[in-house]
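**Student:** from the sequence below, what's the structure:
(4 chains)
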There are 4 protein chains.
Amino acid sequence: MSLEVARERIDWARRHMPVLAALREKLEASRPFDGILIGICLHIEPKTAVLCSVLRAGGAELAITGSPGTTQDDVADTLASEGISVYGRAQDDAAAHAANIDKVMSHRPNMLLDNGADLAAIALERGVSILGGTEETTTGANRLREDLAGDVTFPILVINDSPLKAIVENQHGVGQTIVEGFMRTTNLLIPRRRFVVVGYGWCGRGVARYLKSFGGDVCAVELDAIRALEAALDGFAVRELEEALPWGDVFITVTGRPGILRREHFDTMRDGAILANAGHFSWEIELGELEPLAAGDGIERLELPNGNTLYRLARGEMLNLAGGGGNPVETMDLGLALQTMSLTRIARGAKDLIAGPQPVPDDINREVARRMLAALRA
Amino acid sequence: MSLEVARERIDWARRHMPVLAALREKLEASRPFDGILIGICLHIEPKTAVLCSVLRAGGAELAITGSPGTTQDDVADTLASEGISVYGRAQDDAAAHAANIDKVMSHRPNMLLDNGADLAAIALERGVSILGGTEETTTGANRLREDLAGDVTFPILVINDSPLKAIVENQHGVGQTIVEGFMRTTNLLIPRRRFVVVGYGWCGRGVARYLKSFGGDVCAVELDAIRALEAALDGFAVRELEEALPWGDVFITVTGRPGILRREHFDTMRDGAILANAGHFSWEIELGELEPLAAGDGIERLELPNGNTLYRLARGEMLNLAGGGGNPVETMDLGLALQTMSLTRIARGAKDLIAGPQPVPDDINREVARRMLAALRA
Amino acid sequence: MSLEVARERIDWARRHMPVLAALREKLEASRPFDGILIGICLHIEPKTAVLCSVLRAGGAELAITGSPGTTQDDVADTLASEGISVYGRAQDDAAAHAANIDKVMSHRPNMLLDNGADLAAIALERGVSILGGTEETTTGANRLREDLAGDVTFPILVINDSPLKAIVENQHGVGQTIVEGFMRTTNLLIPRRRFVVVGYGWCGRGVARYLKSFGGDVCAVELDAIRALEAALDGFAVRELEEALPWGDVFITVTGRPGILRREHFDTMRDGAILANAGHFSWEIELGELEPLAAGDGIERLELPNGNTLYRLARGEMLNLAGGGGNPVETMDLGLALQTMSLTRIARGAKDLIAGPQPVPDDINREVARRMLAALRA
Amino acid sequence: MSLEVARERIDWARRHMPVLAALREKLEASRPFDGILIGICLHIEPKTAVLCSVLRAGGAELAITGSPGTTQDDVADTLASEGISVYGRAQDDAAAHAANIDKVMSHRPNMLLDNGADLAAIALERGVSILGGTEETTTGANRLREDLAGDVTFPILVINDSPLKAIVENQHGVGQTIVEGFMRTTNLLIPRRRFVVVGYGWCGRGVARYLKSFGGDVCAVELDAIRALEAALDGFAVRELEEALPWGDVFITVTGRPGILRREHFDTMRDGAILANAGHFSWEIELGELEPLAAGDGIERLELPNGNTLYRLARGEMLNLAGGGGNPVETMDLGLALQTMSLTRIARGAKDLIAGPQPVPDDINREVARRMLAALRA
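**Tutor:** Residues are numbered from 1 along each chain as shown, chains lettered A, B, ... in the order given. Got it, this is the predicted structure:
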């Protein structure tokens, strides 16, 4: 029964991942992964399950573990029922995760699909021979570049640095899902509400643009003068954070940096102001000694000494993902297609790849862009 | 504990209902409902709880029942704990609802706040003496005008016919929450997806406009030539339904009429097409003999004899409300402020009101519009 | 040579008037105007020339005069060269215009296509027998309803009251051409400029919407509370005029009423503020004793005693039309199609028409809407 | 009298060039150009006149010539009347221009503000000692980099390569003025018209976006797969040129490359299709043997052998500039502020500048961005 539901959800995802579907057809014919075992560390959810079936269609054997806290047990069971070696349950803690990584490595993978460099770190430590791999996150890439600098003996293509992710996931994916997440969590409409978007990078401009398209009164806070001018020409009010504090109804941080909104800022906000974060880490909103109190599903109250109450959404985690279905299907179709083509390139022993972390080759970006475009026009 | 959570949710709603809050201050001073018992039939959820506290601040005693299927037990318990006579639980069926109506009437109310004319019908049948009342829905108003025509002995102000509802709830409220509901239910983005919006009335133009503002490729189907021209000038492709069927990825009915999408239409849709409804009743999409099969949370599969699979969202119920927090807080603030001012007018025995169903007086519409505007600008 | 240029301009208009073109085909077959002479008073410009050729294709003889100040001599010459009786030159004054009206009436027309009720007034005064006619303007309709009330012996269909004009011409036509006229006259861009749109009727909402879509910071001033709320929900700041005065960079009046911006308002505006009008008459901006001084093509300076300089565009005339090509081709295609179908209806002696001014019949509105829609989709 | 009009037009420009105005105050205090003569080659129009007065406020002597075909004689006279050495009239041909360049050089300038490298080429040929200069155009920069490579003995800062120009002028300036130019030239509205924007670079995305915001049905043609995907996510249909040819009503080229639309393309376009160009050179639309015939002000007819008629706007020159007031004031304020700060940097003998063409220093871009932002927020 539970497997049945998981299969339905996987089918729903598969149906809306046309780029992966097209790659699957190619891989079924060319079988680039015959004889190869890929060790995978990735969130175990329906979209990952679609990826797994594509890699297997290309001949790969798979051993997979998830990340602590995001594993969906019914999806894990479904993968296991199809003969994949799966390690990980919803309730895993850090220790359990370390053990899972170990179990994946015990399969002696030839290639890695990694998330946070967890697999690569062990492989390098143990001197396992690896053809190459991919790394999903910039955080993992930084670990490879910094902690493991010079030690990486095989090529690792860093998916998150692809310019396609900036376009599809950061600008449009985050922009649209932040509007959805705000409405879903608060039950409020957008028109004339005063939104302060802190940070006008790829994500921030998406958030600002889509809030405005719903009638929000949006101002952008951005330190970089050139981006700030861009925001103004795009039609947004641009303000210093200090000016924006007493003005805003809702504050959305999306800078990638810690401590953007702090106690000193809270004190000059309006009573009832709402705080949310669209950046990768919850650290952008720093509560300090304030104790968040429950105030509804996904909403917490912050009682300030000055008598005002503020509200924090989604515990400061990414508002677009918390409480929803995760990254939108299209952004995952794109990201996992980049994964698939990158792994294929490595399996074929491409000679232009050097050891260490490196961007996805330009021709792969272009090929995936072309395929996604074709899917959008089908 | 559960009461605690309900109170937090009621507080959240109250904070975002500034028009009701302003009316409360006025009613606390003028006490128009002193000595009056109001019988209420309305969804028992946090926003209704805010209304109850406002009416009581104006001196009213209350006896309330909900509608079958929408009562939130913790909110009902909270109201009861505050001394209101509450009848209704989440699991009530039609028979239980009839009994609840009876219990409310047993309090011998002087005024009614009705939903579907359930209370008014009994009052008229039994010849209860009533000062007057309000009716939330157009459906209830039609019942009063048709089934009970000529028999209504007291004034009933019909809230849903107010032009303010068309602006705030139909166009913007429904428009924005349909986008939210679609994304929440499907985990899909909007850009370049082909949406067919069937019906370009107040709701339909909101749905079309907000989908387009997110990059959707939106076409409108509208039989009325003047509205259809308006859609075209607003920048939408306008197509006959027959043309739109093989083109669309997603169909959203919002006509107010039954059987808009039927089996004969399904057969010419693309494989994988998605069906959703934004009209009041689920009857706009008529499945006929097709059996919907589970396909994820809020998603059902329809397997067609031609081999295609279609998907229906939210069982054909209003996509914006199903699975979410109900009508957005702002639209309820407006609707319940109209309720409050209408009831106040009746309590004061306004002489220009006739017996029977009638529109909310123009000056009340204008006063509520002014107050909502002031709140938006605060 | 000049005729050659006029013919090119008429051809350009004709090509973009598909509704008239389709009617022409019908009229050529049915010849409803055989044996009928139509007396016309209308601006003599290329789009009117297209109308003339359509009426003649339907069998009509024509005698035409223009309005003082808008006649284009080369177009007049072209019409004359085609055998139409044309009276009117660019330089005509009021006396010349009166004489022209007389000359048109000397042809003893059977039907009238009137503008400002100039022809109808004479016909009624002289007791000329007329089958019926049309009136282009609301001003003319008011004259018929007020000054000539009860005296009108034949049906007159009032074109400007058609709901289609509100949609096509007022909202979209005026909205888009005001943006064009502002940019053309000032050489300035729109983003972040503070526009105050005074009046949120059909025209005003078009002006506000299109300025905002170009990144303008737009606020609406509107006395009617319901329209004002609509403006807010549409995403605009709504302000009292007094608040808006020191804020705005550009003020655009579009209320239809005189003296909207007056000397007392000028004194609290910013130095350099720009004044423009999109309403029918220039009276919305009242200069009082201020003397406008030339400040570029279509721009005048107003030197205030407080030392500030304001700028008035297009002498306060409709900014969208002044200095440009007149009403956009599409809005004229619509209006002249309404004219053509209305005249055809009268020629056929429709029995449901009463004597006196009256709206265009609903079925004609719907037929024209359908035809325009078909043209937009071709 | 004519001088009077020119002064009014210069005043209008000055009032809307706040960045230059702020720089003027600084230069008046610091006098960086004392003792320096700047040779200038730039379009002689009101905005250039504002620049001249700013440079003189900083202590500079000036000798200026225009470009063939763009000199406004009344502005030239105004500059001359203020003691500037001006060479150039509206009717100048290439030979006259060469002589004018010579006359400017005869003043023995210490610095150059150049346009197309006309001054720099002579200076280098004659071995004139020059502190440094600026070059307005990318074309001029290419000439310096290619024809004169290695020979340039002084620093030349290339204004057009500044990222600020891409944002302000290319995306927003061109985007908005193309809409204006189209409406001004054709008298047509935008809704539902089918626009094909060929090229989705900085300019192209501005053109596409603003046409869409007016209700146009816009498709983008773009060879680069990543940009094309961006266009799709931005909500545009993306098509191959071949597909778009029989679909479009209006084609706008904005690629920067020659021969984009050619005879072979014309043959598959609809009868009546309109061709316009927003790229720097008219070469993007290649007529071949077709003879353009007059068809109204700024409109030409092309009669094809297949019987169809096409229309070309503005002789294929940049539609936004042809027939209008030139580049919008704001974009010139930005560009000329970059000029002014770059010349100031050179006059102060900045040691980090090398010989030869180079980008505007990053800190100047940031300073100008900050100043423009401040002006937009004033």
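
**Student:** ok, the residue of the stretch 51-200 of chain A found nearest chain B to residue B:67 distance?
**Tutor:** Residue nearest to chain B within the stretch 51-200 of chain A: residue A:187 (3.8 Å; CB to the nearest CB). Placement of C-beta: from N, CA and C, glycine included. With distances taken as CB to CB, to the nearest Å, residue A:187 is found 19 Å from residue B:67.

**Student:** who has more neighbours, the two?
**Tutor:** More crowded of residue A:187 and residue B:67, by other CB atoms under 10 Å in any protein chain shown: residue A:187, with 27 against 18.

**Student:** I'd say that one and residue B:330 touch.
**Tutor:** No. Contact criterion CB atoms under 8 Å: residue A:187 and residue B:330 do not qualify, at 9.2 Å.

**Student:** not counting sequence-adjacent ones, nearest residue to residue A:61?
**Tutor:** Excluding its sequence neighbours, the residue lying closest to residue A:61 (CB to CB, 6 or more residues apart in numbering or on different chains) is residue A:37, at 4.3 Å.

**Student:** how many neighbours does that neighbour have?
**Tutor:** Neighbour count of residue A:37, defined by other CB under 10 Å: 16.

**Student:** next up, the contacts around the residue in the stretch 251-378 of chain A positioned nearest to chain D.
**Tutor:** Ranked by CB to the nearest CB, the top residue of the stretch 251-378 of chain A for proximity to chain D is residue A:369, at 4.0 Å. By CB atoms under 8 Å, 6 or more residues apart in numbering or on different chains, residue A:369 lies in contact with A:164, D:225, D:226, D:228, D:229.

**Student:** restricted to helices, list the residues you listed.
**Tutor:** A:164, D:225, D:226, D:228, D:229 (DSSP state H).

**Student:** from the residues you listed, which two are the most distant?
**Tutor:** The largest separation in the ones in helices among the contacts of residue A:369, counting by CB to CB, is between A:164 and D:228 at 11.6 Å.

**Student:** all the helices of the stretch 151-300 of chain A, residue numbers only.
**Tutor:** A:163-165, A:175-186, A:202-213, A:225-233, A:241-244, A:263-266 (DSSP state H, counting those that start in this stretch).

**Student:** could you name the helices and strands sitting against the shortest one?
**Tutor:** In terms of contact count using 3 or more CB pairs under 8 Å, 6 or more residues apart in numbering or on different chains; DSSP states H and E, helix A:163-165 is assigned the packing partners helix A:329-347, helix A:362-377, helix D:225-233.

**Student:** also the second one?
**Tutor:** For helix A:175-186, the contact count by 3+ CB pairs under 8 Å, 6+ apart identifies helix A:202-213, strand A:274-277, strand A:309-313, helix B:175-186 as packing neighbours.

**Student:** rewinding a little: let me know the closest of the ones in helices among the contacts of residue A:369 to chain B.
**Tutor:** Nearest member of the ones in helices among the contacts of residue A:369 to chain B, counting by CB to the nearest CB, is residue D:229, at 10.3 Å.

**Student:** give me the nearest residue to that closest one, chain neighbours excluded.
**Tutor:** Of all residues not flanking residue D:229 in the chain, residue A:369 sits nearest, at 4.3 Å (CB to CB, 6+ apart).

**Student:** from residue C:231, how far off is residue A:215?
**Tutor:** 11 Å.

**Student:** what's the answer for residue A:218, then?
**Tutor:** Relative to residue C:231, residue A:218 is positioned 17 Å away (CB to CB).

**Student:** what does the stretch 101-250 of chain A put close to chain B?
**Tutor:** Within the stretch 101-250 of chain A, the positions near chain B by CB under 8 Å from any CB of the partner chain are A:172-173, A:176-177, A:179-180, A:183-184, A:186-192, A:210, A:213-215.

**Student:** and those residues, which of them are buried?
**Tutor:** Buried residues within these, defined by neighbour count using 16 or more other CB atoms under 10 Å in any protein chain shown: A:172-173, A:176-177, A:179-180, A:183-184, A:186-192, A:210, A:213-215.

**Student:** for stretch A:56-72, C-alpha coordinates in CSV please.
**Tutor:** The C-alpha coordinates for stretch A:56-72 follow below in CSV (Å, rounded to 0.1, in the frame of the first residue of the first chain):
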residue,chain,number,x,y,z
ARG,A,56,20.2,1.8,-14.2
ALA,A,57,18.8,1.9,-17.7
GLY,A,58,22.3,3.0,-18.7
GLY,A,59,23.8,-0.1,-17.1
ALA,A,60,24.8,1.1,-13.7
GLU,A,61,24.6,-0.8,-10.4
LEU,A,62,23.7,1.6,-7.6
ALA,A,63,24.3,1.9,-3.8
ILE,A,64,22.6,4.9,-2.3
THR,A,65,22.2,6.7,1.0
GLY,A,66,20.2,9.8,1.7
SER,A,67,20.9,12.9,3.8
PRO,A,68,19.9,13.0,7.5
GLY,A,69,16.3,14.2,7.9
THR,A,70,15.2,14.1,4.3
THR,A,71,14.8,10.4,3.5
GLN,A,72,11.3,9.3,2.6
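
**Student:** give the buried residues for it.
**Tutor:** Quick answer for stretch A:56-72 (16+ other CB under 10 Å): A:56-68, A:70-72.

**Student:** repeat that for stretch A:275-285.
**Tutor:** Under 16+ other CB under 10 Å, the buried positions of stretch A:275-285 are A:275, A:276, A:277, A:278, A:279, A:280, A:282, A:284, A:285.
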